[in-house]
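Novice: Let me see the structure of the following:
(one chain, ligands or ions: 1)
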Amino acid sequence: MTQVSSKSSIKQFFIFIKPEKNKFFLLMICSIISHILVTMIPFIMGIAIDNLLKTIQISNKNILTPDVIKELILGPIILLITVSFISSYFSYVQEKMIASLSEDVTLRLRQEVTQKFKKLPMSFFDSHQVGDILSRTTNDINRISEMLLTGVNQLFSSIVSIILGVTMLFYINVKLTSIVIFLIVLSSIVTTWVANKNKKLADKNQQELGVFNNQVEEYFSGNLEIKVFNQQQNTASKINETNKRHQKAFERSLFFDFTIYPVIRFLNQLTFIMSAIIGAGLVIQGTLTIGLVQAYLQYVNQISEPITSFSYVINNIQGAMASFDRILYILNQKEEKPDPQVPLNIADSQGNIQFKEVKFGYTPDNLLMTNVNFTAESRKMIAIVGPTGAGKTTLVNLLMRFYEINDGVITYDGQDITALTRKELRSKFGMVLQNTWLFEGTVLENIAYGNKVATRKEIIEAAKIAQCDHFIRTLPNGYDSVISSENSTLSQGQQQLLTIARVILANPPVVILDEATSSVDTRTELEIQSAMATATKGRTSFVIAHRLSTIVKADLILVMDAGDIVEQGTHQELLNEKGLYSKLYNSQFKN
Ligand SMILES: Nc1ncnc2c1ncn2[C@@H]1O[C@H](COP(=O)(O)OP(=O)(O)OP(=O)(O)O)[C@@H](O)[C@H]1O
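Specialist: The predicted structure follows:
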């Protein structure tokens, strides 16, 4: 798995958020105005205090007349309230802007990832685990959203606060400020070290979470098999170990949060105490006024808080960059070849399919099919047989263009299938797979999956043809019962019958039946066979079956071995050849 370097991921992040640049700009302006106003407050107070003290000293009396109060106290108070109010307003606009920015970016990230999934080739899904992808599309995106919401806001605020605070400190006293700057530099060295360390730990933490998600997902999806093989204890221990590893990674990343930050905070407090001591000395010497020392100490506080949060923000951003890297990994994956710009449409589909000198390998350097040739004529039944791993499913995958062939050509009604859009090509096929797939929805919706405009009457008609009407009616809400693959009370055979009804309703010119009669009882098998016979009637059909009795009547039998077609012909022709087919057939029927 190639990880994007962090420099290029930061660059890509900026490219990604470019459409939001106006909001960023506004955000910065608001942040600057709000902080300039906040920075003015200690100074206004300092001048007011000094003026007050001066007046008290000059008048030599501690009595303040109403005029003095009005001029020296009321004026500054009104000014301070006004400044605070305007600053809060700009701060509010800044918060609002950042919330909308974070929402927009998160939405766009989710949309891009979803769009990307549509364009990724099948090989991506073969080689990635669900848990890991899930963690990238949920946790990682959430982390970026969180970073934008709090991190970016704090980053702007910290930078502006620090710049303005330091300017004021220098303005008040250069010498004193040099000590403060020295301590700030020390603090930022610690911060940078922590931030770098934390990015690695955050990465590790997310990785472990991905593994954990994956194992939990496996535990649920393979629940039955795990119980059959009495592996509950082992599986639970494996998950526990991953959980412990994740907890350790999590603890390590928290360690930095909880132990290093007090050190940074201590450095800031030290800065404050030293400033107070030296400031007091300067007042005694007469170099600084009390009002300005008061303002000075407020500025030290004003910059020490952002310095602490600055380090936190850098950490936060580093963590989010690790997450962005992980999302970029998906977004930068090679996409499947785009559909042709001017695609062909096949209006009067016949279902004629030809493979001409097809070469294919799941990996480019390892060819599985070296030279596959055959013709499936319209409305004929083509059986694909061969030992396990011979390439039967692969052949079907190529028909539907789930994978790109390395060489040769596959045609549909005489047209190269790459001249059609994938949508157009796949609309010509209906499939009944080994593992049926039902989604969370009613029986009606499940049957109508391939023909969303079908009426209730048409759906019921298809169910009757597929022999599933009788058991659907025994369900609590009949056709409106909610089912799914995961928690369905339907048997494997009933699920297969439903998927046959789905194909019958979709009415495609070509059907593919993949070992549909495995793992069911004899009665259901007969029902399925009869439903399949109806489903294949008048269409080109490809039937993958291990039980050769079901395909004796096939118009063409393709015998596969080690990826290639080694024999082809009718049942009788192949028996006469006395090759692999006759061996397979005799091994099943002659004991
Ligand atoms: N997604 C994949 N990535 C890499 N190799 C694969 C993939 N799918 C199948 N293969 C390999 O390709 C070969 C053919 O597999 P395929 O599933 O087409 O065989 P099959 O004849 O359908 O087998 P079975 O009867 O057991 O279902 C096997 O060696 C298999 O390991």
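
Novice: Quick check: the gap between the closest residue to residue 582 other than its chain neighbours and residue 482.
Specialist: Using C-beta to C-beta, 6 or more residues apart in numbering and skipping residues adjacent in sequence, the residue nearest residue 582 is residue 575, 5.0 Å away. Glycine gets a C-beta too; all of them are placed from N, C-alpha and C. For residue 575, the distance to residue 482 equals 49 Å [C-beta to C-beta, to the nearest Å].

Novice: What of residue 349?
Specialist: Relative to residue 482, and taking C-beta to C-beta, residue 349 is found at 34 Å.

Novice: element containing residue 574?
Specialist: Assigned by DSSP states H and E, residue 574 belongs to helix 571-577.

Novice: Check which residues of that helix are buried.
Specialist: 571, 574 (16 or more other C-beta atoms under 10 Å).

Novice: Same check on stretch 482-495?
Specialist: Using 16+ other C-beta under 10 Å as the test for burial, stretch 482-495 gives 483, 488, 490, 493-495.

Novice: list the contacts for the residue nearest in space to the middle of the chain?
Specialist: Geometric centre of the chain, nearest residue: residue 137, 1.6 Å, by C-alpha atoms, centre = their mean. Each residue near residue 137 by C-beta atoms under 8 Å, 6 or more residues apart in numbering is listed here: 110, 113, 327, 330.

Novice: For residue 506, see how far away the first one is.
Specialist: Looking back up the chat, that one is residue 110. The gap separating residue 110 from residue 506 is 30 Å, by C-beta to C-beta.

Novice: Between those two, which has more neighbouring residues?
Specialist: Taking neighbours as other C-beta atoms under 10 Å, residue 110 and residue 506 compare with residue 506 leading, 20 against 15.

Novice: Residue 239 reaches residue 216, doesn't it?
Specialist: Yes. Using C-beta atoms under 8 Å, residue 239 is in contact with residue 216, at 6.5 Å.

Novice: Name the residues of the helix or strand hosting residue 31 that are buried.
Specialist: According to DSSP H and E, residue 31 maps onto helix 21-59. Neighbour counts using 16+ other C-beta under 10 Å place 23-24, 27, 30-35, 37-46, 48-52 of helix 21-59 among the buried residues.

Novice: same question, stretch 238-254
Specialist: 239, 242-243, 245-246, 249-250, 252-253.

Novice: mind listing which of these are in strands?
Specialist: Secondary structure from DSSP state E places none of those in strands.

Novice: Specify which member of those residues is nearest to residue 418.
Specialist: Proximity of those to residue 418 (C-beta to C-beta) peaks at residue 242, which lies at 42.8 Å.

Novice: And that closest one, how close does it get to residue 209?
Specialist: Residue 242 is 9 Å from residue 209, by C-beta to C-beta.

Novice: ok, now residue 441?
Specialist: Look at residue 441 and residue 209: by C-beta to C-beta, they are 31 Å apart.

Novice: pLDDT at the residue of the stretch 51-200 of the chain found nearest the ligand, what is it?
Specialist: Nearest residue of the stretch 51-200 of the chain to the ligand, counting by C-beta to the nearest ligand atom: residue 126, 3.8 Å away. Here the pLDDT value assigned to residue 126 is 85.

Novice: Ok, residue 42 next?
Specialist: Residue 42 carries a pLDDT value of 91.

Novice: Contact partners for it?
Specialist: Contacts of residue 42 by C-beta under 8 Å, 6+ apart are 168, 294-295, 298-299, 302.

Novice: okay, those in a markdown table with secondary structure and distance to residue 363 next?
Specialist: Output for those, formatted as a markdown table (DSSP: H, G, I helix; E, B strand; the rest coil; distance: C-beta to C-beta, whole Å):
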| residue | secondary structure | distance to residue 363 |
| --- | --- | --- |
| 168 | helix | 64 |
| 294 | helix | 73 |
| 295 | helix | 70 |
| 298 | helix | 66 |
| 299 | helix | 64 |
| 302 | helix | 60 |
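
Novice: Name all residues that make contact with whatever residue of the stretch 151-300 of the chain ends up closest to the ligand.
Specialist: The ligand sits closest to residue 225 of the stretch 151-300 of the chain, with a gap of 16.9 Å, by C-beta to the nearest ligand atom. By C-beta under 8 Å, 6+ apart, the contact set of residue 225 is residue 231.

Novice: Quick check: phi and psi at it.
Specialist: The phi/psi pair for residue 225 (degrees, to the nearest 10) reads phi -60, psi -40.

Novice: number of nearby residues for residue 65?
Specialist: Per other C-beta under 10 Å, the neighbour tally for residue 65 reads 11.

Novice: actually residue 265, sorry about that
Specialist: Residue 265 has 16 neighbours, counted by other C-beta under 10 Å.

Novice: Secondary structure element for it, which one?
Specialist: With DSSP H and E as the test, residue 265 turns up in helix 261-285.

Novice: How far off centre is that helix?
Specialist: On the basis of C-alpha atoms, centre = their mean, to the nearest Å, helix 261-285 sits 47 Å off its chain's mean C-alpha point.

Novice: So for that helix, mean pLDDT?
Specialist: Averaging pLDDT along helix 261-285 yields 81.

Novice: The host helix or strand of residue 326 relative to helix 21-59, how many degrees between them?
Specialist: Assigned by DSSP H and E, residue 326 falls within helix 290-331. Using axes from the mean of the first three to the mean of the last three C-alpha atoms, to 10 degrees, the direction of helix 290-331 lies 170 degrees away from that of helix 21-59.

Novice: now for helix 290-331, which elements pack on it?
Specialist: helix 6-16, helix 21-59, helix 75-119, helix 141-146, helix 153-172, helix 174-221, helix 261-285 (3 or more C-beta pairs under 8 Å, 6 or more residues apart in numbering; DSSP states H and E).

Novice: Could you rerun that using 10 Å?
Specialist: For helix 290-331, the packing partners by 3 or more C-beta pairs under 10 Å, 6 or more residues apart in numbering; DSSP states H and E come out as helix 6-16, helix 21-59, helix 75-119, helix 130-135, helix 141-146, helix 153-172, helix 174-221, helix 261-285.

Novice: Give me the distance between the helix or strand bottoming out on mean pLDDT in the chain and the centre of its chain.
Specialist: Using mean pLDDT, DSSP states H and E, helix 66-69 stands out as the lowest-scoring helix or strand of the chain, at a mean of 72. How far helix 66-69 lies from its chain's middle: 66 Å, per C-alpha atoms, centre = their mean.

Novice: what's it packed up against?
Specialist: Here helix 66-69 touches helix 21-59, going by 3+ C-beta pairs under 10 Å, 6+ apart.

Novice: so how far is the helix it packs on from its chain's centroid?
Specialist: With C-alpha atoms, centre = their mean, you get 45 Å for helix 21-59.

Novice: Contacts only, for the residue lying closest to residue 184 once chain neighbours are set aside.
Specialist: Spatial nearest neighbour of residue 184, chain neighbours left out: residue 307 (6.2 Å); criterion: C-beta to C-beta, 6+ apart. Counting by C-beta atoms under 10 Å, 6 or more residues apart in numbering, residue 307 touches 158, 161-162, 165, 183-184, 187-188, 191, 264-265, 267-268, 271.

Novice: try residue 138
Specialist: Residue 138 neighbours (C-beta under 10 Å, 6+ apart): 110, 213.

Novice: and with 6 Å instead?
Specialist: If you count contacts by C-beta atoms under 6 Å, 6 or more residues apart in numbering, residue 138 has none.

Novice: Tell me if residue 374 really is in a strand.
Specialist: Yes. Counting by DSSP: H, G, I helix; E, B strand; the rest coil, residue 374 is found in a strand.

Novice: Now for it: which residues touch it?
Specialist: So residue 374 contacts 355, 558, 568 (C-beta under 6 Å, 6+ apart).

Novice: which one of the residues you listed is nearest the ligand?
Specialist: Closest to the ligand out of the contacts of residue 374 is residue 558 (11.1 Å), distances taken as C-beta to the nearest ligand atom.

Novice: contacting residues around the host helix or strand of the closest one?
Specialist: Using DSSP H and E, residue 558 sits within strand 556-561. Under the criterion C-beta under 6 Å, 6+ apart, residues 374, 382-386, 390-392, 565-568, 574, 580-581 lie in contact with strand 556-561.

Novice: So what's the predicted local confidence for residue 121?
Specialist: For residue 121, the pLDDT comes out at 90.
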